[in-house]
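got a predicted structure here, sequence first:
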Amino acid sequence: MSGNVMHDSPTEFLHDVASEDGRCVAQSVIPVGDGGYRCACSCGRWDIIAPGRAEGLRLARVHTGTEV
């Protein structure tokens, strides 16, 4: 990874995430049909449903220890 994901192509980013097995290098917050958001981490140990996008992002920061 270049150190700035905004400069990596999507393919480079996904390749780098896949090679970091078990580490918290990427989190996702994806809307699901019932109005909730499925939140998960590349570490494979965190997968939840949040009631909203902002809460999902907050919980991702809690998971990675980067909540301010």
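Thanks, I have it.

how many neighbours does residue 27 have?
19 (other Cβ atoms under 10 Å). For every residue, glycine as well, the C-beta is placed using N, CA and C.

contact partners for it?
Neighbour list for residue 27: 39, 40, 41, 42, 46, 60, 63, 64 [criterion: Cβ atoms under 8 Å, 6 or more residues apart in numbering].

now these as TSV including secondary structure?
Shown next, in TSV, are those (DSSP: H, G, I helix; E, B strand; the rest coil):
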residue	secondary structure
39	strand
40	strand
41	strand
42	coil
46	coil
60	helix
63	helix
64	helix
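
could you tell me which of those count as buried?
Among those, those classed as buried by 16 or more other Cβ atoms under 10 Å are 39, 40, 41, 42, 46, 60, 63.

what sits against the residue located most distally from the centre of the chain?
Ranked by distance from the centre of the chain (Cα atoms, centre = their mean), the top residue is residue 34, with 20.1 Å. With contacts defined as Cβ under 8 Å, 6+ apart, residue 34 has no neighbours.

for the chain, which segments count as strands?
Under the criterion DSSP state E, strands of the chain are mapped to 27-31, 37-41, 47-50.

out of these, which one sits most buried?
strand 37-41 (a mean of 19; mean count of other Cβ atoms under 10 Å).

mind putting the strands of the chain in TSV, distance to residue 68 included?
Conversion of the strands of the chain to TSV gives the following (distance: least, Cβ to Cβ, whole Å):
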stretch	distance to residue 68
strand 27-31	16
strand 37-41	18
strand 47-50	18
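
so for stretch 54-68, what's the average pLDDT?
Average pLDDT, stretch 54-68: 92.

surely residue 8 and residue 16 touch.
Yes. With contact defined as Cβ atoms under 8 Å, residue 8 and residue 16 form a contacting pair (7.1 Å).

ok, back up a step: to residue 20, which of the strands of the chain lies closest?
Nearest of those to residue 20, taken as Cβ to Cβ: strand 37-41 at 11.0 Å.
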